[in-house]
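Engineer: how would this look folded up:
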Amino acid sequence: MSKLVVVRHGQSQWNLENRFTGWVDIELSPKGIEEAHNAGKKLKGYEFDMAFTSALKRAQNTLQIILDEIGQNNIPVEFDKALNERMYGDLQGLNKDETRKQFGDDQVKIWRRSYDIAPPNGESLKDTAARVLPYWNYNIVPQLKAGKNVLISAHGNSLRALIMHLENLTKEQILETEIPTGCPKYYNLDENLKVLETKYL
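Structural biologist: Residues are numbered from 1 along each chain as shown. The predicted structure is shown next:
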């Protein structure tokens, strides 16, 4: 059996400003730094063999703060853009409320919450899953099957793609699944990586 913990990065400056962030490399807000410290405090007593994060500093910095809190800075960490947030294309940098005024509530909800409809020049959740899941299968699954405990610090949509896969959620279920910032989600997995238990810490 192995243990997996996934955590969405703490609040970023653009989360705070209610902007679409996507692949723009935005720093954590002061609240986000505090959320990352709180996530680390919740993970005290958990031992990890390795960690994975995206190519974006808000996820990397969240991971670093957590590892500092739990005193495990010596574990191997892999960085890869496969775990990046969903690419929001033309919406990146736009205020979400202003975007709703411009395109209408229904259109923005479709872009944000449909499974396979992408915003202009961006990715859908289906597109995001198409890069997250191969990375999961080739890079992370072998570690878990070897009995290692793994920590992943990533983003709302890259983690939704992964959670959909792990928990066998339908398209409809995952669209209603919100992942709070800075809240570690724990999985106890059997040798076939079937979920035996999951909970937010």
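
Engineer: how about the nearest residue to residue 6 once chain neighbours are set aside, phi and psi?
Structural biologist: Once flanking residues are discounted, residue 6 sits nearest to residue 152: 4.6 Å by CB to CB, 6 or more residues apart in numbering. For the C-beta atoms, the positions are set from N, CA and C on the backbone; glycine is no exception. When read as degrees, to the nearest 10, the backbone of residue 152 gives phi -120, psi 120.

Engineer: next up, the contacts around residue 152.
Structural biologist: Going by CB atoms under 8 Å, 6 or more residues apart in numbering, residue 152 touches 4, 5, 6, 7, 51, 52, 53, 83, 140, 159, 162.

Engineer: go on, residue 51?
Structural biologist: 63, 67, 75, 76, 77, 78, 150, 151, 152, 153.

Engineer: can you rerun that using 6 Å?
Structural biologist: 63, 75, 77, 151 (CB atoms under 6 Å, 6 or more residues apart in numbering).

Engineer: quick check: phi and psi at the second one.
Structural biologist: What that stands for is residue 75. Residue 75 adopts backbone torsions of phi -80, psi 150, taken as degrees, to the nearest 10.

Engineer: show me where the chain has helices.
Structural biologist: For the chain, the helices defined by DSSP state H cover 13-16, 30-42, 57-70, 96-103, 105-113, 125-135, 141-145, 156-166, 171-175.
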